[in-house]
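Student: model the structure of this input:
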Amino acid sequence: MRSPAEVAIRPIRAQDDAAMASVIRTVMPEFGATGCGFAISDPEVDWMSRAYAEPRHAYFVVERDGVVLGGGGIAPLAGGDGDTCELRKMYFLADARGIGAGTAMMARCLDAARAAGFRRCYLETLSGMDAAMRLYERSGFRRIAAPMGATGHGGCDSFYLLEL
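Tutor: Model prediction:
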């Protein structure tokens, strides 16, 4: 197992789009997340660098030896108030799991959210993504009973909120 010091987290670039799309389309089926309502069918997946170039958006990739192993980002919560962002599309290939990359990515995303002036961070996930749920809870997110905003993630069944 490698240490988190051997991975780098940096803002996404256009040349990362295909690699990040591949990561998402590889990881989602592992958890049964296929079809409408999941990121795998979201057209944004193919052009993440453009989608997150908007104001108050940020997306980061984690790489090792020049290979993109995952990513995560924040954006204003669709259908939400201006104080709430959504943690979005945080997925890692198996090689990046269990080495602290998720914790480091979470910190980077939450720092970006605070810098963009958000006061709350919301996320949606899927039962069965147990390691991700533990990361969210360790990061201070609390589970809430119902979805917020209008994310279009119809397949998600677990909802979390963090006061920044």
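Student: hey, let's count contacts and neighbours off CA atoms from now on
Tutor: Noted.
Student: for the protein, which segments count as helices?
Tutor: Along the chain, counting by DSSP state H, helices occupy 17-30, 48-51, 101-115, 130-138.
Student: comparing those, which yields the minimum mean pLDDT?
Tutor: Ranked by mean pLDDT, the helices of the chain end with helix 17-30 at the bottom, a mean of 87.
Student: what helices or strands is that helix leaning on?
Tutor: Applying 3 or more Cα pairs under 8 Å, 6 or more residues apart in numbering; DSSP states H and E, one finds that helix 17-30 makes contact with helix 48-51, strand 67-76, strand 84-92.
Student: where in the chain is pLDDT low?
Tutor: 1-5, 29-42, 154 (pLDDT under 70).
Student: switch to 50 and redo it
Tutor: Low-confidence segments of the chain (pLDDT under 50): 1-2, 35-38, 40.
Student: that older thread, to residue 147, which of the helices and strands packed on helix 17-30 lies closest?
Tutor: strand 84-92 (11.4 Å; Cα to Cα).
Student: list of residues touching that closest one?
Tutor: By Cα atoms under 8 Å, 6 or more residues apart in numbering, the surrounding residues in contact with strand 84-92 are 23-24, 27, 39, 69-77, 102, 109, 113, 118-123.
Student: and the buried ones among those residues, selectable in ChimeraX?
Tutor: To isolate the buried ones among those in ChimeraX, judged by 16 or more other Cα atoms under 10 Å, type:
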select :23,24,27,39,69,70,71,72,73,74,75,76,77,102,109,113,118,120,121,122,123
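Student: in contact with the residue nearest to residue 60 when sequence neighbours are not counted, which residues?
Tutor: Leaving aside its sequence neighbours, residue 60 sits nearest to residue 11 (Cα to Cα, 6 or more residues apart in numbering; 4.2 Å). Residues counted as contacts of residue 11 (Cα under 8 Å, 6+ apart) are 58, 59, 60, 61.
Student: tell me, how many residues neighbour residue 124?
Tutor: Residue 124 has 24 neighbouring residues, counting by other Cα atoms under 10 Å.
Student: list the residues that contact it.
Tutor: Neighbour list for residue 124: 147, 153, 156, 157, 158, 159, 160 [criterion: Cα under 8 Å, 6+ apart].
Student: how far away is it from residue 85?
Tutor: Separation of residue 124 from residue 85 (Cα to Cα, to the nearest Å): 12 Å.
Student: nothing else from me, thank you.
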